[in-house]
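**Q** whatever this is, show me its structure:
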Amino acid sequence: MIVQALIVGFVVALAKFLDWWGSTQLSRPIFIVALLGILLGYPTEGIILGAQLELIFLGNVSLGGVMPSDITLGAIFGAAFAMLTGSDLTVAITLAVPISMLGTLLYSFMKMVITSLVPRFEKHIKDQDYAKFNRLWHLQFWGFELAYFLLGFIVILVGADAVKAFVEWLPEWVQSSMTVASTMLPAIGLALLLKMLWQKSLAPYYFLGFALGAFFFYQKTTEVVDGAITTSSTNILSLVQIAFIGFIIATLVVLADLKSNKQAQMKPFAASDASDDSDEEDFFND
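**A** Numbers count the residues shown, from 1 in each chain. Reported below is the predicted structural model:
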């Protein structure tokens, strides 16, 4: 369990670094949970959990100084507990949501500590003591990373067995309710994203994707074998194929928008050239 705790602590610290450095979005569940699964020896489970947790937090974004929940921390701990205890997606989702909310409080506390160092940074800059400035910067950076590493290490080392015992203790009806909730939360995540992006001009594409998924996803065939009627289903269009079609349509729309914007920018120059030509003609006509 120590090795697994070290791995989780490393992934938590790496995720916080990726979240801070360059805004690469590599701290999102779809990437960081897949990486966690590979390092823990559960690559298939990691990819599946990462995709499912990404759906839940898809519409959860930080706007300005508002941070609704720490999706990175919640996704890592939820997926780690699910994989290490041999549980399914239900446990990962059930743990990820409340842990992400608690992670917001921890992140806010860490930012308060780091912000309190700003007067020291300003003093070193005013005194032109860049050596002390660099030392203080490295101290706060590595302190931040170490705090999250220790958090991941201690939580997994102490809490994995407790979480497993807790899940086994839960009554059947509670586990069934968790299963229902786990199927609803991805839809809520997509709904939150759709609420932010919804425009009347995008409605046809939304219903096009729905139509492709509803009408072309399965093809049912019925045949009689030895006097018995059997029904089989085959995929006409898989979700990957539908996503590829959506990518092509999105590319065409973006290229059309870029072309229209370029033409709009060129119109003032064309009008200016036309006015210059008319002035020149008027000069010679006079």
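**Q** outline the domain layout of this structure.
**A** 2-198, 202-285 (automatic domain parsing).
**Q** and the longest one, end to end?
**A** I take that to be domain 2-198. 47 Å (Cα to Cα, to the nearest Å).
**Q** circling back to that earlier point, between the domains of the chain, which has the poorest mean confidence score?
**A** Mean pLDDT values for the domains of the chain show the minimum at domain 202-285, a mean of 70.
**Q** so which elements touch the helix or strand harbouring residue 3?
**A** If you go by DSSP states H and E, residue 3 is part of helix 2-20. Here helix 2-20 touches helix 29-40, helix 71-84, helix 130-169, going by 3 or more Cβ pairs under 8 Å, 6 or more residues apart in numbering; DSSP states H and E. Quick note: C-beta positions are derived from backbone N, CA and C, even for glycine.
**Q** mean neighbour count, these: which tops it?
**A** Of the helices and strands packed on helix 2-20, the one with the most neighbours on average (mean count of other Cβ atoms under 10 Å) is helix 71-84, at a mean of 27.
**Q** tilt between that helix and helix 130-169?
**A** With axes from the mean of the first three to the mean of the last three Cα atoms, to 10 degrees as the basis, helix 71-84 and helix 130-169 are set at 40 degrees to each other.
**Q** which elements pack onto helix 71-84?
**A** By 3+ Cβ pairs under 8 Å, 6+ apart, helix 71-84 packs against helix 2-20, helix 29-40, helix 43-56, helix 89-115, helix 130-169.
**Q** which other residues reach the helix or strand that the fourth one is followed by?
**A** In other words, helix 89-115. Counting by DSSP H and E, the next helix or strand C-terminal to helix 89-115 is helix 118-126. Helix 118-126 has contacts (Cβ atoms under 8 Å, 6 or more residues apart in numbering) with 130, 132-133, 136-137.
**Q** thinking again about what came up before, residue 246 is nearest to which of the helices and strands packed on helix 2-20?
**A** Of all the helices and strands packed on helix 2-20, it is helix 29-40 that lies closest to residue 246, at 16.9 Å by Cβ to Cβ.
**Q** compute the inter-axis angle for the closest one and helix 130-169.
**A** Using the same axes, to 10 degrees: helix 29-40 against helix 130-169 is 80 degrees.
**Q** make JSON lines out of the helices and strands packed on helix 71-84 and add distance to residue 252.
**A** Formatted as JSON lines, the helices and strands packed on helix 71-84 follow (distance: least, Cβ to Cβ, whole Å):
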{"stretch": "helix 2-20", "distance to residue 252": "32"}
{"stretch": "helix 29-40", "distance to residue 252": "25"}
{"stretch": "helix 43-56", "distance to residue 252": "26"}
{"stretch": "helix 89-115", "distance to residue 252": "35"}
{"stretch": "helix 130-169", "distance to residue 252": "42"}
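**Q** ok, which of those helices comes nearest residue 74?
**A** Here helix 89-115 is closest among the helices and strands packed on helix 71-84 (Cβ to Cβ), at 2.7 Å.
**Q** what would the contacts of helix 118-126 look like in TSV with distance to residue 148?
**A** Output for the contacts of helix 118-126, formatted as TSV (distance: Cβ to Cβ, whole Å):
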residue	distance to residue 148
130	28
132	25
133	24
136	19
137	17
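**Q** what's the closest of those residues to residue 38?
**A** The closest of the contacts of helix 118-126, once distances to residue 38 are taken by Cβ to Cβ, is residue 137, at 32.0 Å.
**Q** tell me the contacts of the closest one?
**A** Shown in contact with residue 137 (Cβ under 8 Å, 6+ apart): residue 121.
**Q** again, but for residue 31
**A** Per Cβ under 8 Å, 6+ apart, neighbours of residue 31: 25, 50.
**Q** any idea how far it lies from residue 96?
**A** Taking Cβ to Cβ, to the nearest Å as the measure, residue 31 falls 15 Å from residue 96.
**Q** quick one: closest of the helices and strands packed on helix 2-20 to residue 214.
**A** Once those are compared by Cβ to Cβ, helix 29-40 is nearest, at 24.7 Å.
**Q** how much space between residue 21 and residue 8?
**A** Where residue 8 is concerned, residue 21 sits at a distance of 20 Å (Cβ to Cβ).
**Q** and the two? which has more neighbours close in?
**A** residue 8 (29 against 10; other Cβ atoms under 10 Å).
**Q** I figured that one hits residue 79, correct?
**A** No - checked against Cβ atoms under 8 Å, the pair residue 8 and residue 79 is beyond contact range at 9.5 Å.
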